[in-house]
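# no sequence on this one, just coordinates:
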Ligand SMILES: [Zn+2]
Ligand SMILES: [Zn+2]
Ligand SMILES: [Zn+2]
Ligand SMILES: [Zn+2]
């Protein structure tokens, strides 16, 4: 069932008010990664709590304890657990979002003040930190509640909200809260599906639903040789040099074409099923899109499906850098004493840090042995997370598909993403229900970059989309 | 002819005065690499000028122009060109040294104040920045002149001195001065051999004469891919990653055993001549010495001569680091957009930057082509210098050998060093005479490190050694 026409009309008629709401939110610099901004994250929690209460939600503000940041112990921002409706005849949907943002300074390259929402009337862009990540989508839900309250409309589902203020800083404290609120009589009791709006379309044209995310396993390979840095004049060709060993090992991890050389790692990838490649062919995407996004003609293949599968359903191994080696400008003639190579593998089903770690460690150990070096090797896993994949034929996705068709007159692309949103997996595993990623913004929004924006039409049509999704869920 | 006994006695009797002279010099923090210390480099020039004049030398203070350092244009420290004696029946020897020092802060790890000479009566060490590099040796010459003046002794040779204040910062301005002072009636006119005391024994036991230095060719290999850094989640296995390409190229330059893989580079090394390996076998050195110096059991070979030849008569290729990649602590999931690998090759006869550069460049270009990458490659040579080798059978070396035997009762080791002292080559090529490196300090003096020291006995016996060398030259 599509949303009632008066809801759609209300959103159109009140678009300017919704933009004002977003402007108020953007003005609060709720940067979670900098202790000196922490008071603003709390200010943002209070703002959001007030907005939720004003539109009829019951809000529980849950303290998450303390953390040490920039050398000081400070309070974590609270999670806001809100709910509205408790009708046993209706479905219950949980919506997740975050009210903290990435850091932003005008000097990073912004054309405007990052914490003042600028409406560019020409392009239709709403420019400001947090506009698309994730204040726009979070306020989308508030806009929907406002419309229903003002119109005296009944909501088609029972709603629960979980909004956090630490997503950009590792969601500290949230996993424990989620796990503690699962079970009979607890906050998440009765949730039948989850909707997260914190990602983006694949491109700038076609809405999408996202049903998979890659996991990650991040490694630090340290080679230690002399007791201190040496001068290459005095000691070059005298001792085993840690950098030479490390570079040899790093060169044996992945080919320039992206194939992972660690035996067994690619074997764990779930095989392509019949018709799967065709699904990637059908996505609204092109090699030009990827090359425009990265700013250079460097796609790994000329075949669109190959490139998309590389990002969505295959593991990738990236070499991030080396700690302890010479890294400045200029020409220093040092033999570094101890160097640590950093690399990570993005994981896809059926890979997990648990089944990948032993393959990585034993391969590096055996390659190191082959070098015949007298230096010392240490391998560490710095962090890891499993990949996540949902069933895209679940009613949660069916509802979102119908809603997209109703608002955008387009079938949404069904995508998987290359990065991780760890809370997705926590929700899926802790609550045991289907999770849907239903993005509001476009692929070029620049979430963590300067000049972050959300298109006016994505904010307004996105509010309609989220509302319509609830009606489609309600009538399934 | 050995030095007259009254000279030797004078040095012994006045050892404390010589140490006081060194203490005064160490107290002037003449750090050439830091603009805020430049006034002290000038202060040191004035101190040295006064010392030279007091012992009878004529001193010309030569301004070397200006430089830009730490963003300010400042005057270069002057070169001091001094001379004493002009007897056409005597040989004329040029002595080079430098009066500037490396930076030093107590917090670098010093046990004592770096700019106060501390005499450790137990170990006999004179500890302080510049004690061994190069204030001790420079003052050694002054001590000799003082002794002759006080004793009313005639010098056995005509002496010229060239002391500079920029050695630790690339000897800026000196090459031009040297070239401009060559020729009939110019300062260097008549110089028949050169003695430089600015290096160290191979070990802590046996004096040495050094007749060779390696050259260098320093390269920067840049791979440029996307227009900006990418997130490895969003783009891993989508595009050609510059780090992957660079690591593959860097891994093809040198083996973990130190063999250079660039075709042609090792072919240019002058072949071992009959009996040459035996010369290395005969040097007072051991694998334990090298492993004690680096603080770990990581020598490339168990054969002493092999290790010494690796340092002295073979080229080495060291990978110094990467600019533009992630280099901090932690776990950043970046795909760096542009990375520059730094490496250098230490050159030995008959290698020169001119014959090595084309081999390096064409090899890297062809290896890069093999990678099949769409990224862009740029290779630069950041700086270079030819190797230097003198004839160790020249009378200059014969004199130094006799002097060493007279003072230390030992035949000196004949060594080559792995690093470069570029002024050596400039003198050798500009003046066309034999250059001798005659060190005062020991291999563990820690010239550029914290707790730099010169052993009291090396300072005092070294003063005798330099004086005796002049007598041996005078009687050849
Ligand atoms: Zn987000
Ligand atoms: Zn974000
Ligand atoms: Zn020096
Ligand atoms: Zn030095």
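Now that the structure is in, tell me what you want to look at. Here the structure is a predicted model, which means the values were calculated and not measured. Ligands and ions are numbered 1, 2, ... in the order given.
# so where does residue A:365 fall, helix or strand?
Assigned by DSSP states H and E, residue A:365 belongs to helix A:353-371.
# hmm, who's touching that helix?
Helix A:353-371 is contacted by residues A:215, A:217, A:219, A:221, A:245, A:248-249, A:252, A:262-265, A:268, A:345, A:347, A:377, A:379, A:381, A:384-386, B:256 when judged by C-beta atoms under 8 Å, 6 or more residues apart in numbering or on different chains. Any C-beta I mention is one placed from the backbone N, CA and C, and that applies to glycine too.
# Return the subset of those residues lying in strands.
A:215, A:217, A:219, A:221, A:345, A:347, A:377, A:379, A:381, A:384-385 (DSSP state E).
# chain center to stretch A:402-418: distance?
The chain centroid and the centroid of stretch A:402-418 are separated by 19 Å, computed with C-alpha atoms, centre = their mean, to the nearest Å.
# got the domain boundaries for chain A?
Following automatic domain parsing, chain A resolves into domains at A:5-213+A:388-474, A:216-269+A:314-385.
# will you turn those domains into CSV that also has distance to residue B:60 and mean pLDDT?
Formatted as CSV, the domains of chain A follow (distance: least, C-beta to C-beta, whole Å; pLDDT from 0 to 100):
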stretch, distance to residue B:60, mean pLDDT
domain A:5-213+A:388-474, 51, 96
domain A:216-269+A:314-385, 32, 96
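# Just tell me which of the ones you listed ends up closest to residue B:439.
For the domains of chain A, proximity to residue B:439 was assessed by C-beta to C-beta; domain A:216-269+A:314-385 is nearest, at 13.5 Å.
# Mind checking if that closest one is in reach of ligand 3?
No: Domain A:216-269+A:314-385 stays clear of ligand 3 (C-beta under 5 Å from the ion), getting no nearer than 12.4 Å.
# how many neighbours does residue A:15 have?
The tally of other residues near residue A:15 (other C-beta atoms under 10 Å in any protein chain shown) stands at 16.
# That one reaches residue A:460, doesn't it?
Yes: Residue A:15 lies in contact with residue A:460 (C-beta atoms under 8 Å); the separation is 5.0 Å.
# returning to that earlier point: list the buried residues of the helix holding residue A:365.
A:353, A:356-357, A:359-361, A:363-364, A:367-368, A:371 (16 or more other C-beta atoms under 10 Å in any protein chain shown).
# Doesn't residue A:288 belong to a helix?
Yes: assigned with DSSP: H, G, I helix; E, B strand; the rest coil, residue A:288 falls within a helix.
# Excluding chain neighbours, what is closest to whichever residue of the stretch 301-450 of chain A sits closest to chain B?
Residue nearest to chain B within the stretch 301-450 of chain A: residue A:419 (2.6 Å; C-beta to the nearest C-beta). Closest residue to residue A:419 apart from its sequence neighbours, by C-beta to C-beta, 6 or more residues apart in numbering or on different chains: residue B:233 at 2.6 Å.
# Just give the number of residues close to that neighbour.
Residue B:233, neighbours per other C-beta under 10 Å, totals 22.
# Need the three-state assignment for it.
helix.
# what separates it from residue A:156, distance-wise?
34 Å (C-beta to C-beta, to the nearest Å).
# repeat for residue A:363
Distance of residue A:363 to residue A:156, given as C-beta to C-beta: 53 Å.
# and if you look at residue A:443?
With distances taken as C-beta to C-beta, residue A:443 is found 30 Å from residue A:156.
# where's the residue of the stretch 351-476 of chain A found nearest ligand 1, which helix or strand?
Going by C-beta to the ion, ligand 1 is nearest to residue A:447 of the stretch 351-476 of chain A, at 6.5 Å. Using DSSP H and E, residue A:447 sits in no helix or strand.
# List phi and psi for it.
Per-residue torsions, residue A:447: phi -50, psi -50 (degrees, to the nearest 10).
# Neighbours of the closest residue to it other than its chain neighbours, how many?
Nearest residue to residue A:447, sequence neighbours excluded (C-beta to C-beta, 6+ apart): residue A:133, at 3.9 Å. The local packing of residue A:133 (other C-beta under 10 Å) involves 26 other residues.
# For residue A:133, which residues are in contact?
Counting by C-beta under 8 Å, 6+ apart, residue A:133 has contacts A:101-102, A:198, A:441, A:445, A:447-448, A:452.
# Between residue A:443 and residue A:156, which has more neighbouring residues?
Set residue A:443 next to residue A:156 and count neighbours by other C-beta under 10 Å: residue A:156 wins out with 24 against 21.
# so what's the closest residue in space to that one that isn't next to it in sequence up against?
Distances taken as C-beta to C-beta, 6+ apart put residue A:474 closest to residue A:156, at 3.0 Å, once the chain neighbours are dropped. Shown in contact with residue A:474 (C-beta under 8 Å, 6+ apart): A:1, A:90-91, A:156-157.
# tell me the pLDDT at residue A:277?
Note on residue A:277: pLDDT of 93.
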